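J.: Return atomic coordinates for the entry below.
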Amino acid sequence: MLTVSVKWQKEVFTAVEIDTGQPPYVFKCQLYDLTGVPPERQKIMVKGGLLKDDADWSTVGVKQGQKLMMMGTADEVVKAPEKGPVFMEDLPEEEQLVSLGHSAGLFNLGNTCYMNSTVQCLHSVPELKSALVKYSHSGRSNDLDQTSHMLTVATRDLFGELDKSVKPVAPMQFWMVLRKKYPQFGQLHNGVFMQQDAEECWTQLLYTLSQSLRSPGSSENLDTVKDLFSIELASRIHCQESGEESSETESVYSLKCHISHEVNHLHEGLKHGLKSELEKASPALGCSAIYLKESRINGLPRYLTIQFVRFFWKRESNQKAKILRKVDYPLELDVYDLCSDELRKQLEGPRQILRDEEGKKLGLKANKKSSGSKDDDVKMTDAEGSSNASGESSVTTSQEGVPSDKETRLTGIYDLVAVLTHKGRIADSGHYVAWVKQEGGKWIEFDDDNPIPQREEDIVKLSGGGDWHMAYICMYKARSVSM
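T.: Down below sits the predicted model:
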């Protein structure tokens, strides 16, 4: 055992013991306790250079009473926290919401899971929430009936409660007004409210909002719901027997995924859903004839809603039965090949820009067709602005609120943001649940009043094939570029 003194900066530490049976690293740890300088930062001058952690003391040449020089900067002294620990339940509700990363659940008021899951999915659309916030109690137009106005106000207030509360919300007012507007949701069986179809609730609520959120006489948000959800279809109607042919256009709020023994994937089901047979009177034949209707998408929405046609009327049992067949669906959906030739041409430019932008992220060179555009002229965004029938969007607005000369253009590529599932074998029973992607990217399963975090890879497993939750409605958000 040796005793030495160590000079560090202006301080001198005397009678520091060295156990020569231990490596120099142990000695450095002693000095760390005295000076606060971590061993890796210590530079101790000895004969022949600097003292190494694993050196042999017998070869270092340190003598009894020797004065050693050390250089190095100490760690900052850790200050005691000014405030003690704060538990989440002690935070204000607004801060608790930020910590949780998701909004509140909804109490089941008696077979109202169909309504709760619909509300949670639509609540995830920020543009719809913004339009509702602007809707006032006195904002009812002359052509809007009172119950539609009341349902719009109730939807706005319920969305607001979900955003402000960390505890489950009881949607009593919304449910009362929904039943008043649409009495079928108030059906009773043995004194108990019956289970209803979530797709019907979704459709009726969107129809009401499409009527109330119109802005007649205003150039902004002429029809919010149509801008967000409406799909324009161009159809060719042909009769093989008579050779008659006609065309028509229509707007719908969802695409149908028809399920048969041939359908294993969403894309196949959508193709089936765009073809149908009609029986109607033929002027040329003077009798009824079969017409084939083939449709193409001619205008894209910012939010694409898809219904899996899982329920059908079963005559034998006189009830709605459910198709349990597994139908896979993707996190990213490309509908380019379902579009009309006219719309495809309009999508080509934005799609090339999107590919180039994604290529840049991977370190690839831009395609020559679009490489002439400056980096600052193109930016990938979520779908913003109001899209029109061609899949184009309105002029964007800068952060300062000044309109810019760039347009947000849709690409025909969509990302999954919500899934509404049904568990059970019969439409008039079972259980509905909403699975919603949050702004931060994580998924939450909203099982009535119980929000549960889920992994993204588990979301695409809700594809059916058994008695587990299976997708009934999928909502996709458009991927777009600013041009």
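J.: Now do the same for K293: helix, strand or coil?
T.: strand (DSSP: H, G, I helix; E, B strand; the rest coil).
J.: isn't it right next to E277, touching?
T.: Yes. Assessed by CB atoms under 8 Å, K293 is found in contact with E277 at 7.3 Å. Every C-beta, even on glycine, is put in place using the N, C-alpha and C of the backbone.
J.: So W313: helix, strand or coil?
T.: strand.
J.: On the three-state scheme, the nearest residue to it once chain neighbours are set aside is what?
T.: Once flanking residues are discounted, W313 sits nearest to K320: 6.0 Å by CB to CB, 6 or more residues apart in numbering. Three-state call for K320 (three-state DSSP): strand.
J.: K320: neighbouring residues, count only.
T.: Per other CB atoms under 10 Å, the neighbour tally for K320 reads 15.
J.: Touching, it and R425? I think so.
T.: No. Assessed by CB under 8 Å, K320 is found out of contact with R425, at 10.4 Å.
J.: mind listing the strands for the stretch 301-450 of the chain?
T.: 303-309, 311-314, 319-322, 332-334, 379-382, 392-397, 403-423, 431-437, 443-447, 450-454 (DSSP state E, counting those that start in this stretch).
J.: low-scoring stretches of the stretch 351-483 of the chain, by residue?
T.: 364-406 (pLDDT under 70).
J.: So which of the strands of the stretch 301-450 of the chain is nearest S5?
T.: Of all the strands of the stretch 301-450 of the chain, it is strand 450-454 that lies closest to S5, at 58.8 Å by CB to CB.
J.: Can you give me the buried ones in the closest one?
T.: Of all the residues in strand 450-454, those buried under the rule 16 or more other CB atoms under 10 Å are 451, 454.
J.: packing partners for it?
T.: With contacts taken as 3 or more CB pairs under 8 Å, 6 or more residues apart in numbering; DSSP states H and E, strand 450-454 sits against strand 443-447.
J.: Just the C-alpha atoms of stretch 258-267, please, in PDB.
T.: What follows is stretch 258-267, C-alpha atoms only, in PDB (Å, rounded to 0.1, in the frame of the first residue of the first chain):
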ATOM      1  CA  HIS A 258     -68.300  -7.700 -52.400                       C
ATOM      2  CA  ILE A 259     -67.300 -11.000 -50.900                       C
ATOM      3  CA  SER A 260     -67.500 -14.400 -52.700                       C
ATOM      4  CA  HIS A 261     -65.600 -17.600 -52.800                       C
ATOM      5  CA  GLU A 262     -63.300 -15.900 -55.400                       C
ATOM      6  CA  VAL A 263     -62.400 -12.900 -53.200                       C
ATOM      7  CA  ASN A 264     -59.400 -13.200 -51.000                       C
ATOM      8  CA  HIS A 265     -58.200  -9.600 -51.000                       C
ATOM      9  CA  LEU A 266     -59.900  -6.200 -50.700                       C
ATOM     10  CA  HIS A 267     -58.800  -5.200 -54.200                       C
END
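J.: quick one: average pLDDT of it?
T.: Mean pLDDT, computed over stretch 258-267, is 93.
J.: okay, now the residue nearest to K47 when sequence neighbours are not counted: neighbour count?
T.: Of all residues not flanking K47 in the chain, G61 sits nearest, at 4.4 Å (CB to CB, 6+ apart). G61 has 10 neighbours, counted by other CB under 10 Å.
J.: Next up, the contacts around G61.
T.: 46-48 (CB atoms under 8 Å, 6 or more residues apart in numbering).
J.: could you measure it against V192, distance?
T.: Distance, G61 to V192, using CB to CB, to the nearest Å: 93 Å.
J.: What of L331?
T.: 38 Å.
J.: neighbour-wise, which of those two wins?
T.: L331 (14 against 10).
J.: Report the buried residues of stretch 160-169.
T.: Per 16+ other CB under 10 Å, stretch 160-169 contains these buried residues: 161-162, 166, 168-169.
J.: ok, now stretch 408-424?
T.: Along stretch 408-424, these residues count as buried under the neighbour rule (16+ other CB under 10 Å): 408-414, 416-423.
J.: shouldn't K322 be in contact with G424?
T.: Yes. Counting by CB under 8 Å, K322 does reach G424; the two are 7.4 Å apart.
J.: Now do the shared contacts for these two.
T.: Common contact partners of K322 and G424 (CB under 8 Å, 6+ apart): G430.
J.: got a list of what R351 touches?
T.: 336, 411-413.
J.: picking up where we left off before, tell me which of the contacts of G61 is nearest to S212?
T.: V46 (84.4 Å).
J.: and the residue found closest to that closest one once you drop the neighbours it is linked to in the chain, how many residues sit next to it?
T.: Spatially, and ignoring its direct neighbours in sequence, V46 is nearest to V60 (5.3 Å; CB to CB, 6+ apart). A count of neighbours around V60, defined by other CB under 10 Å, yields 17.
J.: my read: V60 touches L51, true?
T.: Yes. Using CB under 8 Å, V60 and L51 qualify as a contacting pair, with a distance of 6.7 Å.
J.: joint contacts of the two?
T.: P24.
J.: my guess is K226 meets Q211, correct?
T.: No. Counting by CB under 8 Å, K226 does not reach Q211; the two are 10.7 Å apart.
J.: Compare those two (neighbour count), which wins?
T.: K226 (23 against 18).
J.: show me what contacts the spatially closest residue to the more buried one that is not a sequence neighbour?
T.: Nearest residue to K226 in three dimensions, chain neighbours excluded: S210, at 6.2 Å (CB to CB, 6+ apart). Counting by CB under 8 Å, 6+ apart, S210 touches 223-226.
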